[in-house]
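K.L.:
following is a predicted model, sequence given first.
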Amino acid sequence: VDNAGTVTLDYNDLYTAGTVLVDWQNTGYATLSEYQSSTGQGANSVSADPAYASATDLTPSSPFLDDEGTDLTATVPTDINGSERTAPVSMGAVEYTAPQPPLSGTLTVGGASPDYTDLSSVVSALTTQGVDGAVTVEVRDGTYNESVEITPIGGASAQNTITFRSASGDSSAVVIESTGAEGSEPLRLNGADHLRFRELTLQATRTENYQPVRSAYLRSQVDNVQFSRMQFLGYDGRDDNEQVGLYAPTSTITTDLVVDSSRFGASESGVYLRGDNNNRSTGTRIRQNVFGDGTLAGPDYRGIYLQYHGDGLAVSGNRMSGPNRAIYVDRTGSSGARPLVANNMLNVSGSGNRGITTGYNVDAQIFHNAVRMTGGARAAFFQNGGSSSLEVKNNIFAMESGPVLEVDNAGTVTLDYNDLYTA
């Protein structure tokens, strides 16, 4: 909308799977609530997938639209099919009654007498019907050979969360397996919000070198999503930098993303979240995860890579073995709660490798980390860029040989109360 003074917008369904819901006088709003509060428009509008019958038959089936319109029967008494409109009216061209009510409670997938035979089926039902309460999807033991894409689900909220979890509580017993190629990831979130994933394995199987592979892919705006006690796995025989456990490309925006108590292995990078410089991700917490251990090969290239993240970023309590850049933070800052990197154990080996790296324009506190570098590694702490505001305190930086610290712009770094050791 270029000229807001001439427009009244209300009682509409505004839905997109993209990153911007409304462009209002050259300002983009990603969510309905942001648009409503900033413009004063659309107080009675909704944002729900209409679940059209087909690409050519635009009859909705969403239960969130059938009675949500305002009464305009004096002007438009019938719908496109000639059927009488009666208040409360449906949004759109067709007066309809949703064929099925919203979902709530516990749903089962797989095993004996399930509600749904596979994950794609339950996701389709959630997308079409929406939810009117919290939903738990219990996935029974087995390997599910499918690529699961989740788009916005009507009715989902901070109270009405949707949880996908292993029915047995064993992440290794429920495997969602796909090639991991773009569009065929085991899990793909495309603008989906208020989701929880518990005790599942996401296994990418693509074997060709130099082809993108992701176990989980976040696209568009993704809000209030949590991963707990998960496994993000790839194919261990690849030899490139294209394989990632949890991936968000440039311009994907997240708020309150939590990755907790999970395992990352058999990939080149564990967590790779780029973000958007003009609208930074906030509330990202990556904590208590394992990147490689005695039974699981860790990421070879990057453990955690974060760019364009703001308030509330916390990387804490993670254990890593193997990556040549364990934690890399770039262009990350805040106006409130400063980003924190703390209580991580990083075991890094290999020529030229680095423990904790900060890039350009990083505002962060780096406290109480333990770093061990062997095999000709480059530095335990590497500051690679300017215009940063860093506090680096109470860390152990230990090198088998070579310099412990490599700092390019000393004026922006406070280093104190650290153990600096090299043999």
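P.N.:
Sure, I can see it.

K.L.:
list the contacts of Asp260.
P.N.:
For Asp260, the contact set (C-beta atoms under 8 Å, 6 or more residues apart in numbering) comprises 226-229, 285, 287-289. Every C-beta, even on glycine, is put in place using the N, C-alpha and C of the backbone.

K.L.:
rebuild these as a markdown table, extending it with secondary structure and distance to Ser47.
P.N.:
Compiled in a markdown table, those are given as follows (DSSP: H, G, I helix; E, B strand; the rest coil; distance: C-beta to C-beta, whole Å):
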| residue | secondary structure | distance to Ser47 |
| --- | --- | --- |
| Gln226 | strand | 22 |
| Phe227 | strand | 24 |
| Ser228 | strand | 27 |
| Arg229 | coil | 31 |
| Arg285 | strand | 26 |
| Arg287 | strand | 31 |
| Gln288 | coil | 34 |
| Asn289 | coil | 32 |
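
K.L.:
in the residues you listed, which residue is surrounded by the most others?
P.N.:
Ranked by the number of neighbours (other C-beta atoms under 10 Å), the contacts of Asp260 place Asn289 first, at 28 neighbours.

K.L.:
that one and Thr59: what is the separation?
P.N.:
According to C-beta to C-beta, to the nearest Å, Asn289 and Thr59 sit 45 Å apart.

K.L.:
repeat that for Tyr328.
P.N.:
Going from Tyr328 to Thr59 by C-beta to C-beta gives 49 Å.

K.L.:
swap in Gly386?
P.N.:
Gly386 sits 57 Å away from Thr59, going by C-beta to C-beta.

K.L.:
looking at these two, which is more packed in?
P.N.:
Thr59 (18 against 13).

K.L.:
and the more buried one, what's its pLDDT?
P.N.:
In this model, Thr59 is scored at 95, pLDDT.

K.L.:
which helices and strands does the biggest helix by length in the chain pack with?
P.N.:
If you go by DSSP state H, the chain has its longest helix at helix 119-129. Packing contacts for helix 119-129, counted by 3 or more C-beta pairs under 8 Å, 6 or more residues apart in numbering; DSSP states H and E, involve strand 103-109, strand 131-139, strand 148-150.

K.L.:
so the residue positioned nearest the centre of the chain bridges to which residues?
P.N.:
In the chain, the residue lying closest to the centroid (C-alpha atoms, centre = their mean) is Leu218, at 4.6 Å. Under the criterion DSSP bridges, Leu218 forms beta bridges with Leu189.

K.L.:
hmm, Leu246 and it touching each other?
P.N.:
Yes. Assessed by C-beta atoms under 8 Å, Leu218 is found in contact with Leu246 at 7.4 Å.

K.L.:
contact partners for Tyr305?
P.N.:
Neighbour list for Tyr305: 269, 271-273, 325, 328, 330 [criterion: C-beta under 8 Å, 6+ apart].

K.L.:
picking that back up, list the contacts of the longest helix of the chain.
P.N.:
With C-beta under 8 Å, 6+ apart as the criterion, helix 119-129 contacts 49, 51, 61-63, 98, 100-103, 107, 109, 115-116, 135, 137, 139, 144, 146, 148-151, 153, 162, 164, 176.

K.L.:
just the buried residues of these.
P.N.:
The neighbour count (16 or more other C-beta atoms under 10 Å) marks 49, 51, 61-63, 98, 102-103, 107, 109, 116, 135, 137, 139, 144, 146, 148-151, 153, 162, 164, 176 as buried among the contacts of helix 119-129.

K.L.:
low-confidence regions, the chain specifically.
P.N.:
207, 209-210, 236-242, 266, 293-300, 323, 335, 387 (pLDDT under 70).

K.L.:
which residues in it form helices?
P.N.:
Using DSSP H, helices in the chain cover 32-39, 119-129.

K.L.:
and the angle from the longest one to strand 103-109?
P.N.:
Taking axes from the mean of the first three to the mean of the last three C-alpha atoms, to 10 degrees, one finds that helix 119-129 is oriented at 170 degrees with respect to strand 103-109.
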